[in-house]
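>>> Could you work out the structure for the sequence below:
(chains A and B)
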Amino acid sequence: MFNSPILDFSISLIFLFLLFSLLVSWIMEFIASRFNRKGRHLKKMLYALLGGDETINWTSRLYNHPLIESLSVKYNRITSYIPEDTFAEVINDLIVEEGREYTIKQDPDTREYVYKEEKGKYDEDLKKGLINMHDSDLKRTLQMFYDQSGEEIGEFTLSVKNWYKDYMDRVNHTYGRKIRKPLIIIGCTIALFFNVDFFHITNRLWVDANLRESIVVAAESFHDKYADINSLELSKKFFKDYENSLDLPIGWGEEVKKTEVVEQGYYEKNMFQRGGMIISYYLHADSSWWLILIKLMGFLASGFIVAFGAPFWFDLLKKAVSFKKIVKSKS
Amino acid sequence: MNHIFNCHTHIFNIDHAPERFLQGFAAKRIANIAWALLQLPTGRRIAAFLLRFIKNPNVSKYASFVYVGTMKSQNHVFHDLRSNYSKQDRFVILSLNMDFMGAGKASEAYAHQVYELKRVKKNNLNTCLPFYSVDPRAGSIYENAFMARDHIENKGFAGIKIYPALGFYPFDADMEETYKFAVGYNVPVMTHCTRVGSYYLGKITPEMIKPAAFCPHASNWPKSYDIIDFPLKKNLDKNSLFCDYFSHPYNYARVLEVYPELKICFAHAGDDPEIKKARTVESPESWFTQIKYLIETYPNVYTDISFTLSEKDIFEDLYETIADPKYGHRVLFGTDYFMTLMKKKEKPLVNNFREFLYSKPDGDKLWHAITVKNPESYLESDYYKP
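Just a heads-up that it's a prediction; the model follows:
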C-alpha cells in the first residue's frame, strides 16, 4: 500500500518545498548578513542576560574586550558568534579587572603619566572583583556560580560556560522565530516572481507520473549525497543545476502558454507589457476573480510553507526517503 | 617641544546619547524615524550621507554625530581623531553626562562612558587628557566634587567639564564644592557657551524658573549688558530658547564673584553669530563681548575657538582677538572634533586656520601661543604639569 503514488507524491512535494525553502533561506541569509541581523540579535540577547545595570554596561564591556573584538570579521562590525570558551574567559577577565585597583598619575620629574596596577593572585582578584561588582542580577548569578564551585576557578568557569551554552540555545530559538516573518514575506515574493503556486504544483505532481518519478529520483540522490543540512553548500549553481535537470512545475512559462498570450506577440514585448498582458488575461477571463484569488492563495500557501524552515523539510525528506527504502526492501 | 594641544574634542558616540536626543534637532516624528534608521549599521551611513545636503549648523552637528555613531567604541573614535595629527599631539577629551537631559535612557549611561574613557586613557597615557563631566543632578554636592576629584587625582583626568544647557545653572548650589576643589587645586574647568546647541529636553521645573544659587550677585557686571532676572517669565514652554538661560555668561559672572581665581574656559567663544554681532562697537548683547569682558576682569578666564574654525568668514575676527594683547594669552586652540566633521574634515580644518594665521604678521608666534603656550597655562594644575 505504501509503495504507491501517494508516497512518491509526498516525497516529490517535500523535495520541491525543500528546494524552495533553501532558496528563500539563502536569500534571507544574504540580507541578514548585510544588515548584521544575527550579530545585532546576539548583542540584544546578551544585553538581556548581562545587563544593563545603571552604571557599567557589561554587554558593551564584553564586546569591547580585545578577545571579542578579534572575532569580528570586519573592523567596526560586531561579531555574530561568540564561542562559549571565549565568553567564559572574557567574563573572568572582566571580573578580575573589577578586583584590581589602579592609578594613573603624573610623575613630577619626567612629566609622564604612569599607570600602576595592584595585581594579586588571579583567583583572589576574581573573588575581590565579584565583591566589587555593582549590585545587579548578573552579580547575583555569578556569585551563585562562584559559591557553588567551592571558590574553585575551573569549576566556576565551567558553570559560566554551561550557563552561556544553555542561553545560546534560547538565542538561536528566538532568532529562528524572529526571522519567520521575513521568511514568509520573502517566500511569498519569490513565489509571485517565479510562480511557485502551491495548488498548481500539487495538481501537476498528482497528475503527471513522469514528473513525479523524475523528482523522486533526484530526491533520493539528494538524500544519499547530503547527510545533514550543514553539509549543503548553497550557491547560484546549486539551484541552477536543479532547475536545468528537472522539469519543475514553477515559472511563468506554462502560465503564458495557458493564457494564449503567445499568439498576441508576448515574447516581443518588454517585461512590463508582458506582466500587463497576463494580468489583463486574468481580469478578462470568465471567472477572473476566482482565478486570481486561487492564484494568490497558492502564493500565500507557498510562503507560509517556507516559514517552517529548510531544516524541517530536510528532516522530513530524510524520513520519507528512508521509509520508502524500507518499504521497497521489504516488498 | 614639538607637540600641540587640541583643547576641545569629543569621542563619545551614539551609544552614549539618550534615545530622544535627536528631538533637540528635528521634529519628533522625523527624529524617531532617524533614530530607528541609526540602529542599522548601513542606515547610519545612509543617514550621514543624506544629512550632508542640509545646510543648517545644527543638522550638520547632528550629521557628524551620526557619522561617529558608526564607530564601535570611544577607542575607535579616538584613533580616528589621532590619525589627523602627529604622534605627540595631545587632546583634551571632553566627556558629557547626558543622563539628565530629559531625553530618555542611553544604551550606555554616563558611568559607562567614563569607564570606556578610562580605558582610552590607559592606552594613551600622555596624549589623552580627559575632562570629567559634572552635573549637579548626578549626586549630592559632596558626591559630585568627590567623583571629579577621584578621577583627576587617581585616574589621570585633567579637568572638569560642565554643560549647563543640559538643564542646570552654573551657580547651582550643588556645584559649589566642585568649584572649591577646582580653585583649591588650580584644576581647569571647561564650559559650553553658545546659544541653542544640544539642550535640555525635559519638563521645565519651578526650580529652573527660580533656582537656588550659592552666589546671588554679579556686582561688577556692566549695566549695559543683559542680565537674567529670576524668577523667569519668558520662554517657559520652549526648551530651545529656555536653554539659553542656563548657558548665559552672566551666570558665570556670579560664580566668578565668589571664586575669582576659578580657571574656566568658555568654549566656542559664544559661537560665530555672537562673534559677528560683536563686530559693531556697541554690542553689549553679544556673548562674545561678554566673554571678553570676563577675560579682562578675571585672571583665569579663557575662551576657545573650537567649532568656529569651520566658519572661514570669522577668521579675521578670531585673528583680531588672538593678536590683541588683552585677550590673546587666554585663547585656546580646539576643533570640537567630531562636531565639525560634516562641515570640514579635521585635517583641512586645522591646516586652513594655521595657514591663515601664518599669513598674518607674527602668525607663527600666535599659532604657538594658542596651541602650546596658552593651553599649558590653562591645563597646569596641582595634578598635571604639561
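
>>> in the helix or strand containing A:Ile294, what counts as buried?
A:Ile294 belongs to helix A:288-306 when assigned by DSSP states H and E. Buried residues in helix A:288-306, counted by 16 or more other Cβ atoms under 10 Å in any protein chain shown: A:Lys295, A:Gly298, A:Phe299, A:Leu300, A:Ala301, A:Ser302, A:Gly303, A:Phe304, A:Ile305, A:Val306. From N, CA and C alone the C-beta is placed, and that goes for glycine too.

>>> can I get those residues in TSV with distance to chain B and pLDDT?
Listed next are those as TSV, based on distance: Cβ to the nearest Cβ, whole Å; pLDDT from 0 to 100:
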residue	distance to chain B	pLDDT
A:Lys295	35	84
A:Gly298	34	91
A:Phe299	29	92
A:Leu300	28	93
A:Ala301	32	93
A:Ser302	29	91
A:Gly303	24	90
A:Phe304	27	91
A:Ile305	29	89
A:Val306	25	85
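
>>> For the stretch 201-350 of chain B, give me the ranges with low pLDDT.
Along the stretch 201-350 of chain B, segments meeting pLDDT under 70 span B:281, B:342.

>>> If we use 90, what do you get?
Applying pLDDT under 90 to the stretch 201-350 of chain B flags residues B:201, B:212, B:214-220, B:223, B:226-241, B:271-273, B:277-285, B:310-312, B:338-345.

>>> Quick one: the helices in it, in order.
In the stretch 201-350 of chain B, helices defined by DSSP state H, counting those that start in this stretch lie at B:206-209, B:239-247, B:249-258, B:272-277, B:287-297, B:315-323, B:346-358, listed in chain order.

>>> what does the stretch 51-200 of chain A give?
A:58-64, A:66-69, A:84-99, A:122-132, A:137-148, A:153-178, A:180-194, A:198-207.

>>> any idea how far A:Thr189 is from B:Thr280?
64 Å (Cβ to Cβ, to the nearest Å).

>>> These two: which is more packed in?
Between A:Thr189 and B:Thr280, counted using other Cβ atoms under 10 Å in any protein chain shown, the more crowded position is A:Thr189 (14 against 9).

>>> which ones are touching that one?
By Cβ atoms under 8 Å, 6 or more residues apart in numbering or on different chains, the residues touching A:Thr189 are A:Gly303.

>>> for chain B, what are the nearby residues on the stretch 51-200 of chain A?
A:54-57, A:60-61, A:63-64, A:69, A:76-78, A:102-106, A:108, A:111-115 (Cβ under 8 Å from any Cβ of the partner chain).

>>> Give the bridge partners for the residue in the stretch 101-250 of chain A that chain B sits nearest to, please.
Using Cβ to the nearest Cβ, A:Ile104 is the residue of the stretch 101-250 of chain A that sits closest to chain B, at 3.2 Å. Counting by DSSP bridges, A:Ile104 forms beta bridges with A:Tyr115, B:Lys155.

>>> by contact count, what packs against the helix holding A:Ile294?
helix A:5-34, helix A:180-194, helix A:198-207, helix A:271-284 (3 or more Cβ pairs under 8 Å, 6 or more residues apart in numbering or on different chains; DSSP states H and E).

>>> circling back to that earlier point, looking at the helices of the stretch 201-350 of chain B, which is closest to chain A?
Per Cβ to the nearest Cβ, nearest to chain A of the helices of the stretch 201-350 of chain B: helix B:346-358, 18.0 Å.

>>> Roughly how far does the residue of the stretch 101-250 of chain A closest to chain B sit from A:Leu232?
Counting by Cβ to Cβ - A:Ile104 and A:Leu232 are separated by 54 Å.

>>> And those two? Which one has more around it.
Taking other Cβ under 10 Å, A:Ile104 and A:Leu232 do not tie; A:Ile104 has more neighbours (19 against 16).

>>> wait, what's in contact with the more buried one?
Contacts of A:Ile104 (Cβ under 8 Å, 6+ apart): A:Tyr113, A:Val114, A:Tyr115, A:Lys116, B:Lys121, B:Lys122, B:Leu125, B:Asn154, B:Lys155, B:Gly156.

>>> Reformat the helices and strands packed on helix A:288-306 as TSV; add mean pLDDT.
Converted to TSV, the helices and strands packed on helix A:288-306 look like this (pLDDT from 0 to 100):
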stretch	mean pLDDT
helix A:5-34	88
helix A:180-194	89
helix A:198-207	88
helix A:271-284	76
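
>>> can you tell me which of these comes nearest to A:Leu316?
helix A:5-34 (5.2 Å; Cβ to Cβ).

>>> before we move on, back to that, of all the helices and strands packed on helix A:288-306, which lies closest to A:Thr174?
helix A:180-194 (10.7 Å).

>>> what angle do that closest one and helix A:5-34 make?
Using axes from the mean of the first three to the mean of the last three Cα atoms, to 10 degrees, one finds that helix A:180-194 and helix A:5-34 are set 110 degrees apart in direction.

>>> Counting neighbours, which bits of helix A:180-194 end up buried?
Counting neighbours by 16+ other Cβ under 10 Å, helix A:180-194 gives A:Pro182, A:Leu183, A:Ile184, A:Ile186, A:Gly187, A:Cys188, A:Ile190, A:Ala191, A:Leu192, A:Phe194 as buried.

>>> Could you do stretch A:239-258 as well?
A:Tyr242, A:Leu246, A:Leu248, A:Pro249, A:Ile250, A:Glu255, A:Val256.

>>> Return only those of those residues found close to chain B.
Within these, nothing lies near chain B by Cβ under 8 Å from any Cβ.

>>> Inside helices: which ones of those residues?
Counting by DSSP state H, the buried residues of stretch A:239-258 place A:Tyr242, A:Glu255, A:Val256 in helices.

>>> related to what we said a few turns ago, distance to B:Lys343 for the buried residues of stretch A:239-258 - can I get that in CSV?
Listed next are these as CSV, based on distance: Cβ to Cβ, whole Å:
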residue, distance to B:Lys343
A:Tyr242, 55
A:Leu246, 60
A:Leu248, 57
A:Pro249, 60
A:Ile250, 54
A:Glu255, 57
A:Val256, 57
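
>>> Alongside chain A, which residues does chain B contribute?
With Cβ under 8 Å from any Cβ as the criterion, chain B meets chain A at residues B:15, B:39-42, B:70-73, B:75-76, B:107-109, B:111-112, B:115-116, B:119, B:121-122, B:125-126, B:153-156, B:383-386.
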